[in-house]
Structure formats: C-alpha cells, structure tokens
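Colleague: Quick one: sequence and predicted model below, then my questions.
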Amino acid sequence: MKSFSIRSKITLWFTMALLMVVFFTFFIVLSANRQVIQKNIRDNLIMTVEHNVDEIEFYNNINNVDLHNESDYFIRFRGGYLEIDDDFLDQVNEVYTALYHEDHTLIYGENPISRQVSDLEFVDSKVQRIKVHHTLYYIFDRKLTLKGLEELWLRGVVSEKQGMTQMSDITRLSLLLLPFMVLVSVTGGYLIAGRMLRPIQKISESASQISSGGDLKKRIAIGDGKDELHQLAKSFNAMFQRLEESFDAEHQFTSDASHELRTPVSVILAQCELSLEEPRSSEEYEDALRTIQRQGRKMSKLVNHMLDFTRLEMRADSYMRQKLDLTELVRSVCFDMALIQEKEIVLNYEVQEQVEFVGNYQLLSRMLTNLISNAYRYGKEQGHIFVSLKHLEQEIELSVADDGIGIATEEQEKIFRRFYQADNSRSVAGTGLGLSMVYEIVQFHDGTISVESELQNGSTFIVTFKNIN
C-alpha cells in the first residue's frame, strides 16, 4: 500500500467505498423490492378475486338465453343455473380462482393445491398463508351474498413464486448494470484523480528541478485556478520568491562582509610582514602593534554587528516584548550619549512624559544609540544633535536631527543597506551596519523609518510606531 501512488490509493479507496455502497444499495433494493412485490402479489390476488365475485350470477331458468351465441358457462345448481363469465377460467397473473360450496366441494375453476387445502376453513376477506412443498401460497376467500349464491365461496390462490420471476429479473438486471456502473465510475474516478493530481506532479517536478539545478528563479506554472492545488502552487512560488530573495541577500551579505574584512586583514598581514622583514625600533614596533590593534578592533566590531544581525533575523523570538516607559528609555540613552562630546557636538533632547510602548528595551536602546552615534559620526565641529519624542494621537514619533554634512538625495534610499556608506563619508570610521541595524529593529517593532536631509544642512531621521499599548 505504501508503494502505491496517491492516484492509485485514491482510486482504490474510492472503489472500495463504491463497492460497499453498491452492495448495500443492492441489498436494500432487493429487500424493498421483495416487500413491494409480495404486497403487489397480495393486492393482485385480492383484486382478481373481488373482480370475479361480480362474474357469477344465479338464474332460476335459462329459457330466454340464447346458448348458441353465449360465451359464458352455465352450471346447474339447486334447481337453477350459475352463470360464470368465460374469463373466469383464465389464469390471471398466475392467480387461480375456484368456486367452492361451503362444504369444500369444488364446483368450478382451478386450484393447484386443492388437495392440500381441502380442509382449510373459509375466512371471508382475509389473506391466509400456507406452505406446500416448501412453497408459500397466499389464499384469499370471498363469500358470495347475492340471491341464490349464499352457500358459495370464491377462493383465490397465488404462489410466492409469482414474485420470484420479477425478483429474478430485477436481480439479473442489477447484476448486469451495477458492475458496469462501478466500472464506469472507477474509470472516471481514476481519470479525474489523475487530472486533479496533475498539478501536484508539476509541483513535484518543478521542486525537483529547482532542487537539482539550484535555479530559484524557476516557478511552478499550472495555469489559472482558485482551488486548493492552485493555492498550493502559489504558496510554493511565494516560498521560492522569498528563498531567492533570502539567498540573494545572504550572498550579498557574505560578499560585502568579505569585502569589508579583506582590508583590515590585508593591513594586519602587511604590517606583520613589514615588521618581520628586519629589526625595527621599539617605536616602530609600537606603531605596528597600534595599527594591528586598530584593525583588529574594527574586525571585532564588524563581526559583532554581523552576529547581532543574524540573531535578529534568525532568532527574533528571543527578543521578548514588554510594556515599557519609552520616555525614560530615551531620556536615559540621551543623558549617557551627551557625555561623549565628540567634535564638541552638543546633544539636546525633548521628550514627552508618560509615553508607553510595547517593545524590547535592548533593541530600542540599540536603535536610538545607533542613530545618535551616526549623528556624531557625520556631524560637524561644534555642531548640534536634537532628539525628540512625541506621543501623537495614533502614533509615537521619535526623531534624531543633526546639522552635519547631510546626505545626497540619490543616496538616501541606499543608506539602510548593509555595509553601505555614502561617498562623501567613506573617510569616516564605521562598518556600514549601524543604520541597517536600525532599520531591522524598526521593522521588528512594526514601525517605519524615513530620512530628511540636504547636503551640508544636516539630516533628520524619523521613526514612527503605532500607538498600541
């Protein structure tokens, strides 16, 4: 069973279920038909006997009857004559009708079991049942009440076998039609299952080609549709799209990281080789060690930032969110960062009281620290940094403004990329990951970030969060 294809399994189960339904239906139909046929036999028996009651009359004399042109039969009875319709002799639907005297003497007609029921009492207008040689017979008696017929009874007899013929015909027809219907249904179910599962086969083939060929640009094409399989194909295509974007991003990340690490590694190796070529003075060795230390710190900082990115992207659930006082967080970070006084830049801040937010304290602190550090890095001598926190009607707005070198318009859409640094700032020390980390933290908190800047006129970074407590 495990080695069967899904199509074969569906067809097999469908066939088994269909056969069960057919057998059950066949049994129900035969049972119902048997009851219906038996009822029809009894009804036909009663109807035939009741009809024959009207076919018998009594005449005191038949002098005025033209016997040569009369098709009915006349039997002498009690000083007169019984007129019996000629149809009375006919066997109607295997129903036999006989005329009896109340002493069980057969006067006229047929009864196939007359010997076996010769002593069976007459019961007016009631169907009796009797078995003769393992065959069930139905008997219906009617007492004649017209003048001259008071001592006579009509007895109708019909065998259960009358219905057996009909049952046999129904059974034979069912045994011919039902297997044919099952065969047609199974064949149709097999074809329909194949047609329904064809998209899955295409999905499997496409996934296999993507897996073996590594071409994440390939998509599953099964045509238009709104059923579950088309939705599955769309989900796979969306997954492949995300995988492609993810692999491209990882490839770019690896490439950029390799590029950024290449320079400090090359400087360290070059400094070591230069220092080992020939004996140097203590001052020269000290300068070489300082260079190696500086490049090592740069590499350490870059690696730490990369690890932070990986943790935020791959293990975002490790950063728990909780309700926190954003006012106190911003005030605390600004107070600490104001002590730096790099380039004699002055940091001022204005925060609204009782601004609460559900987020991660560590990440939000890191976000604000990076924005302020970025303002210090690209600020001008004796410049200014201004941090603002506002509680709007539906949003919380946090902004960091500086009067530094600014960002060119064409560069503003690129500054949140990893390892990206604007051309006018490449001489400034940095990993190019600070603003990228800010962007990821804002996205983690379902917020948005934008920048307003002009060259030589400073920049303003605006972070907006939805006001959900």
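Modeller: Received, thanks. Numbers count the residues shown, from 1 in each chain.

Colleague: Mind jotting down where the helices sit in this protein?
Modeller: The residue ranges that make up the helices of the chain, judged by DSSP state H, are 6-53, 161-213, 228-277, 282-314, 326-337, 361-377, 434-444.

Colleague: roughly how far apart are residue 120 and residue 453?
Modeller: Counting by Cβ to Cβ, to the nearest Å, the gap between residue 120 and residue 453 amounts to 118 Å. C-beta: built from backbone N, CA, C; applies to glycine.

Colleague: who's more crowded, the two?
Modeller: For the pair residue 120 and residue 453, the greater number of neighbours falls to residue 453 (22 against 14), based on other Cβ atoms under 10 Å.

Colleague: quick one: contacts for that one?
Modeller: 406, 407, 412, 459, 460 (Cβ atoms under 8 Å, 6 or more residues apart in numbering).

Colleague: Tell me the one of the residues you listed nearest residue 393?
Modeller: When the contacts of residue 453 are ranked by distance to residue 393 (Cβ to Cβ), residue 460 comes first, at 21.3 Å.

Colleague: Pull the number of nearby residues for that closest one.
Modeller: Residue 460 is surrounded by 16 other residues when neighbours are defined as other Cβ under 10 Å.

Colleague: Ok, residue 341 next?
Modeller: Using other Cβ under 10 Å, residue 341 has 11 other residues around it.

Colleague: what residue ranges in the stretch 301-450 of the chain score low on pLDDT?
Modeller: Filtered on pLDDT under 70, the stretch 301-450 of the chain yields the residue ranges 305, 309-311, 313-317, 418-432.

Colleague: ugh, typo on my part, it should be the stretch 1-150 of the chain
Modeller: Counting by pLDDT under 70, the stretch 1-150 of the chain has low-confidence residues at 1-4, 6-7, 29-30, 32-34, 66-71, 87-93.

Colleague: Need the max-distance pair from the contacts of residue 453.
Modeller: For those, the farthest-apart pair by Cβ to Cβ is 412 and 460; their separation is 11.3 Å.

Colleague: if we can go back for a sec, out of the helices of the chain, which is closest to residue 130?
Modeller: Ranking the helices of the chain by proximity to residue 130 (Cβ to Cβ) places helix 6-53 first, at 13.2 Å.

Colleague: So which elements touch the closest one?
Modeller: Taking 3 or more Cβ pairs under 8 Å, 6 or more residues apart in numbering; DSSP states H and E as the contact definition, the neighbouring helices and strands of helix 6-53 are strand 95-101, strand 127-132, strand 135-143, strand 152-159, helix 161-213.

Colleague: Return the member of those having the minimum mean pLDDT.
Modeller: Looking at these, the lowest mean pLDDT belongs to helix 161-213 (a mean of 72).

Colleague: name the helices or strands packed onto it?
Modeller: In terms of contacts (3+ Cβ pairs under 8 Å, 6+ apart), helix 161-213 is packed against helix 6-53, helix 228-277.

Colleague: Compute the distance from the centre of it to the centre of its chain.
Modeller: 23 Å (Cα atoms, centre = their mean, to the nearest Å).

Colleague: between it and strand 135-143, how many degrees?
Modeller: Angle, helix 161-213 to strand 135-143, by axes from the mean of the first three to the mean of the last three Cα atoms, to 10 degrees: 130 degrees.

Colleague: tell me the angle of helix 161-213 relative to helix 228-277?
Modeller: Comparing the axes of helix 161-213 and helix 228-277 via the same axes, to 10 degrees yields an angle of 20 degrees.
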